[in-house]
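Engineer: Here is my input, please return the structure:
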Amino acid sequence: MPEAAGGRKEGALGGLRLTPQRKAILAAVREGGRHPEAGEIYERVRRQLPHISLGTVYRNLAQLSEAGLVVELNIGRASRWDGQPAPHDHLICRRCGHIEDIDIGREGCDLDAIARRVSGFIIEGHRLQFEGLCPACQRRELDQSAHATDV
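Structural biologist: Numbering: from 1, shown residues only. Coordinates of the predicted model:
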């Protein structure tokens, strides 16, 4: 069997069998880089596989996460799913919940080493999240404040 990226065998997902459900769920998570919630993934997959259950989606997301193929982002009340498992950082809008990947170019800045030195922890990884207002929410806020001063 040919090898896929990362040395995995094509047809296998990090040791998991490539079932039609897993293939569809993984594609839905990776689609458009949107960091969807499980419910959104379920709706997308259901278009292809109308008999899939929400429980099957949740179970497969957990298995894909354990295999290192997706990453669960615990943000607010609901988990969001990231189809790019390679380490990267996120921007999160505190108003609308929009999430974007960001590459801040930390060459020469080893955050793991700094955290290890300061804390004495054995660092196994980290996630960096920036929170604030996305450009669309900033515009809405400006429009609302302008409207409030007009009244």
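Engineer: Counting neighbours, which bits of the lengthiest helix in the chain end up buried?
Structural biologist: Longest helix of the chain, by residue count under DSSP state H: helix 135-150. Using 16 or more other Cβ atoms under 10 Å as the test for burial, helix 135-150 gives Cys137. (Glycine included, C-beta is placed from N, CA and C.)
Engineer: which residues sit against it?
Structural biologist: Defining contact as Cβ atoms under 8 Å, 6 or more residues apart in numbering, one finds that helix 135-150 is touched by 93, 95-96, 98, 133.
Engineer: Skipping adjacent residues, who's closest to Gln63 in space?
Structural biologist: Excluding the flanking residues, the one nearest Gln63 by Cβ to Cβ, 6 or more residues apart in numbering is Leu16, at 5.9 Å.
Engineer: That neighbour against Leu26, yeah?
Structural biologist: No: with contact defined as Cβ atoms under 8 Å, Leu16 does not count as touching Leu26 (9.8 Å).
Engineer: Let me know the closest of the contacts of helix 135-150 to Arg59.
Structural biologist: Closest to Arg59 out of the contacts of helix 135-150 is His98 (27.3 Å), distances taken as Cβ to Cβ.
Engineer: where does the chain have low pLDDT?
Structural biologist: 1-14, 107-108, 147, 149-151 (pLDDT under 70).
Engineer: let's see 80
Structural biologist: Across the chain, residues meeting the criterion (pLDDT under 80) sit at 1-15, 32-33, 76, 105-109, 146-151.
Engineer: Run through the bridge partners of the residue minimising distance to the centre of the chain.
Structural biologist: Among the residues of the chain, the one closest to the centroid is Asp82, at 2.0 Å (Cα atoms, centre = their mean). With DSSP bridges applied, Asp82 shows beta-bridge pairing to Val71.
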